[in-house]
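Visitor: I would like to see how this sequence folds:
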Amino acid sequence: AAAAAAEGGAGAVPTLLLEWVCADTATGESAPVQGLTTVPLRVPGPDAAAGEVAVVLRHASHRTHDFTASPLLYVPVEVCVRNISAKAATAAVLELQPAWTQESSPAAPFLWAGKTKIQVTLPAAGADVVVRADACMSGPGLFDLSRLRVVLAGRSVTCSEPSFVTVTLPDSSA
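Guide: Residues are numbered from 1 along each chain as shown. Model prediction:
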């Protein structure tokens, strides 16, 4: 669907392709929960990189954590950036932004652990690059992990739709 929107020419709405993944606590492996979801991207300004990249976030949708035993929870996030343009390989920058800069969001604040500005080279058209990052939480809540943007030659694409993870405390009745 993202490629179809990108090929739609002028006026086509760029899309963000989301794949929800849930980790199996017994095996540690992850598997798709509801398949793929496509949502529109907000493209800031006329110089935006519309139709050039698609972004897929992969992360657990729910985590349970005992913050008294370990004060920080790290949620692994895979950010897959796909070159959906007809162009050959191109350089891009992935920027992971602090959660508290979005004033209108009902989501709790979190930090990105490690590098927050990552240089990537997008392979040829149709190929993608995966960047692994960790979202760091210090308490339970609902966290929007879609705080990122991809910058190509000064033009950017940001996520307009949230990508949430819910963090809860363990059941104390056990």
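
Visitor: Just the element for Ser70, please.
Guide: Counting by DSSP states H and E, no helix or strand carries Ser70.

Visitor: Can you give me the pLDDT of it?
Guide: Note for Ser70: predicted pLDDT of 95.

Visitor: Mind checking the pLDDT average for stretch 92-104?
Guide: Stretch 92-104 shows a mean pLDDT of 71.

Visitor: residues touching the residue lying closest to Pro123 once chain neighbours are set aside, list them.
Guide: Distances taken as Cβ to Cβ, 6 or more residues apart in numbering put Ala89 closest to Pro123, at 5.5 Å, once the chain neighbours are dropped. Using the backbone N, CA and C atoms, a C-beta is placed for each residue, glycine as well. The contact partners of Ala89, by Cβ atoms under 8 Å, 6 or more residues apart in numbering, come to 83, 121-124.

Visitor: In PyMOL, select just the buried ones from the residues you listed.
Guide: The following PyMOL line selects those of the contacts of Ala89 that are buried, judged by 16 or more other Cβ atoms under 10 Å:
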select buried, resi 83+122
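
Visitor: Between the two ends of stretch 163-171, what distance do you get?
Guide: Start and end residues of stretch 163-171 are separated by 25 Å (Cα to Cα, to the nearest Å).

Visitor: now do stretch 85-93
Guide: First-to-last residue span, stretch 85-93, Cα to Cα: 16 Å.
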